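S.K.: okay, predicted coordinates and the sequence, questions at the end:
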Amino acid sequence: MFDQLKKYLFEDQTVRAEVVSIRDTWKEIQARHDYPPAVQRLLGELVAASTLLAANIKFKGTVVLQLQGDGPIGLIVVECHADLGLRATVKLREGRAVPDDGTFQSLLNPHGGGRFSVLLDPQDRLPGQQPYQGIVALEGDSVAQALEHYMLTSEQLQTRIWLAADSGCAAGVLLQQLPKHGGKASPETTSDTDDTWERALILADTLKAEELLSLAPDALVRRLYWQETLHAFDPATITYRCTCSREKVADVLLRLGKEEVDDILAEQGRVQINCDYCVKSFDFDPVDCAELFANASASIRHESRSQH
Ligand SMILES: [Zn+2]
């Protein structure tokens with residue numbers, strides 16, 4: 001099955017795996033934008049990566065992966081909720097060509113100013129509480145290597161990631177070495193533990209991009225680890241979901257201020273804002289805008305009165 005993420009545990013419980021293969025949701029993301037092939041590849045890999053991370057967070061909330069570039073690509077953002085509902089957007093620099101053979105480094109980090117950031121944003125965050133954010137330089141030649149570099153600085157556990165994407169599929173594999181139960185392991189079990197980890201890595205390194213892009217998680221795991229016994233967990237389904245709304249756009253207009261909004265109305269007759277992610281268009285005519293600011297000042301008056 002596609003558009004699913006599956007988790008597996010090796011028999012000795014020292015290595016866990018996550019495998020994801022995304023088709024319909026990936027097509028839905030691409031249908032909203034027209035990206036050059038090299039951008040599509042990087043975006044698809046980041047989409048797959050976001051699900052591998054989101055499937056593993058311990059809170060209800062969102063994982064936001066950002067590749068900030070100083071080359072032809074300015075920004076790639078993927079937001080994935082813990083329930084694997086996700087959305088994505090890309091900002092290209094105007095007037096900069098994106099060659100089809102553009103690489104991770106040449107498109108995102110030609111001047112060394114690129115950054116990879118991971119934001120963990122709990123849903124029930126208290127007012128004033130900041131989400132956790134980790135930022136690292138863009139190391140390596142791929143999204144997977146940049147992510148591994150981040151994991152190395154933030155996670156206690158050894159983690160390896162393989163990613164691939166084309167126009168039809170975005171896919172990924174994550175392997176993580178787990179701590180042995182019961183604290184200190186005897187020297188013998190330590191070497192067993194390392195054996196499983198080493199074996200898992202060697203086999204995963206034989207994975208070809210075509211295999212990652214064509215096989216559903218169970219088929220891929222069977223092909224790689226047919227000699228091992230793995231426990232498979234129930235799959236989780238990946239969906240496209242944008243969290244934009246008319247209310248959120250109205251908040252943006254309120255923050256912009258009445259003067260600024262009046263200027264736009266005078267110039268264009270209405271205010272139209274498109275969502276960066278799903279490109280849905282939100283339209284506010286002069287009556288909508290007048291109502292918006294009238295309601296806002298009424299609620300401010302109400303609040304200040306109720307404080308007395
Ligand atoms: Zn949207």
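M.R.: Nice, I can see it.
S.K.: from now on I want contacts and neighbour counts done on CA atoms only, so please keep to that.
M.R.: Will do.
S.K.: where do the strands of the chain begin and end?
M.R.: 4-10, 15-22, 61-68, 73-81, 85-92, 115-122, 132-137, 159-165, 170-177, 230-232, 236-237, 239-240, 271-274, 281-284 (DSSP state E).
S.K.: of all these, which lies closest to Y150?
M.R.: Taking CA to CA, strand 132-137 is the member of the strands of the chain nearest to Y150, at 6.3 Å.
S.K.: pairing partners for the closest one, with directions?
M.R.: strand 115-122 (antiparallel) (DSSP bridges).
S.K.: one step back: turn the strands of the chain into a markdown table, columns for mean neighbour count.
M.R.: Below are the strands of the chain laid out as a markdown table (neighbours: other CA atoms under 10 Å):
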| stretch | mean neighbour count |
| --- | --- |
| strand 4-10 | 22 |
| strand 15-22 | 26 |
| strand 61-68 | 23 |
| strand 73-81 | 23 |
| strand 85-92 | 21 |
| strand 115-122 | 20 |
| strand 132-137 | 14 |
| strand 159-165 | 24 |
| strand 170-177 | 26 |
| strand 230-232 | 16 |
| strand 236-237 | 16 |
| strand 239-240 | 18 |
| strand 271-274 | 16 |
| strand 281-284 | 15 |
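S.K.: can I get those strands in JSON lines including distance to K258 and mean pLDDT?
M.R.: Formatted as JSON lines, the strands of the chain follow (distance: least, CA to CA, whole Å; pLDDT from 0 to 100):
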{"stretch": "strand 4-10", "distance to K258": "46", "mean pLDDT": "97"}
{"stretch": "strand 15-22", "distance to K258": "43", "mean pLDDT": "97"}
{"stretch": "strand 61-68", "distance to K258": "32", "mean pLDDT": "96"}
{"stretch": "strand 73-81", "distance to K258": "30", "mean pLDDT": "97"}
{"stretch": "strand 85-92", "distance to K258": "28", "mean pLDDT": "97"}
{"stretch": "strand 115-122", "distance to K258": "31", "mean pLDDT": "94"}
{"stretch": "strand 132-137", "distance to K258": "33", "mean pLDDT": "91"}
{"stretch": "strand 159-165", "distance to K258": "45", "mean pLDDT": "97"}
{"stretch": "strand 170-177", "distance to K258": "44", "mean pLDDT": "97"}
{"stretch": "strand 230-232", "distance to K258": "56", "mean pLDDT": "96"}
{"stretch": "strand 236-237", "distance to K258": "43", "mean pLDDT": "97"}
{"stretch": "strand 239-240", "distance to K258": "34", "mean pLDDT": "97"}
{"stretch": "strand 271-274", "distance to K258": "12", "mean pLDDT": "94"}
{"stretch": "strand 281-284", "distance to K258": "13", "mean pLDDT": "96"}
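S.K.: that'll do, ta.
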